[in-house]
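[1] pasting the structure only:
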């Protein structure tokens, strides 16, 4: 048994042993700034839903997302994006004393009034007049990346489908799906006396 020095701490010589055994419970109170040395926890991730249009998905545009905390964040869409996909934005989540969390942006592909989606292909109705369907014509077709002019063959019926190659949504492996335009013959509103007379003569 080793006695302590006069006026000193009788356990001072054993403090290192106690520190090794009990750790911070014994010696932590002595050292200043213990909390500063402790690693700060990462803040929570933030879940965000982002509605996008087919046009935005086709062109991989930047889209503004509204976060629950009021922030407006520009999200660069990847070349390939689909409904339900989640995009992770590093450091855009909850803020805290430590590292900020991430934002998990879930993509919702908005229903479109013109296009129907099948895989990466798009389908759309193409209204044409009876005269254009019978005689043939060049008519405009709206695509997600702009308007095109397509040829309607003469004597096209309402079951005619025109394939516009590469005008659909981007594929995961590169390239694009197709756009299928379904011919829909539209009769003139209010009637057409000349057309009616012609049809009556053909009917006999």
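    Happy to help now that I have it. Here the structure is a predicted model, which means the values were calculated and not measured. Numbering: from 1, shown residues only.

[2] Run a quick neighbour tally on residue 149.
    For residue 149, the number of neighbouring residues by other CB atoms under 10 Å comes to 9. Heads up, the C-betas are built off the backbone N, CA and C, glycines and all.

[3] Now do the same contact list for it.
    Contact analysis of residue 149 by CB atoms under 8 Å, 6 or more residues apart in numbering lists 138-141.

[4] Residue 155: what secondary structure?
    Secondary structure, DSSP: H, G, I helix; E, B strand; the rest coil: residue 155 is coil.

[5] which element is the residue nearest in space to the middle of the chain on?
    Centroid check for the chain by CA atoms, centre = their mean gives residue 107 as the closest residue, at 3.5 Å. Using DSSP states H and E, residue 107 sits within strand 103-109.

[6] Make sure residue 201 is indeed in a helix.
    Yes. Under three-state DSSP, residue 201 sits within a helix.

[7] residue ranges of the strands in this protein, please?
    46-52, 62-66, 72-76, 86-89, 103-109, 116-118, 121-129, 137-143, 146-152, 161-164, 179-186 (DSSP state E).

[8] is it true that residue 121 touches residue 177?
    Yes. Using CB atoms under 8 Å, residue 121 is in contact with residue 177, at 4.2 Å.

[9] shared neighbours, the two?
    Here residue 121 and residue 177 have 168-169 as joint contacts, going by CB under 8 Å, 6+ apart.

[10] neighbour-wise, which of the contacts of residue 149 leads?
    Highest count within these by other CB under 10 Å belongs to residue 139, 18 neighbours.

[11] Next, find the distance separating it from residue 169.
    Residue 139 sits at a distance of 23 Å from residue 169 (criterion: CB to CB, to the nearest Å).

[12] And for residue 193?
    45 Å.

[13] Neighbour count: those two, which is higher?
    A side-by-side neighbour count of residue 193 and residue 169, using other CB under 10 Å, places residue 169 first with 22 against 7.

[14] so who does the closest residue to the more buried one other than its chain neighbours touch?
    Nearest residue to residue 169, sequence neighbours excluded (CB to CB, 6 or more residues apart in numbering): residue 120, at 4.5 Å. Taking CB under 8 Å, 6+ apart, we find residue 120 in contact with 168-171, 176-177.
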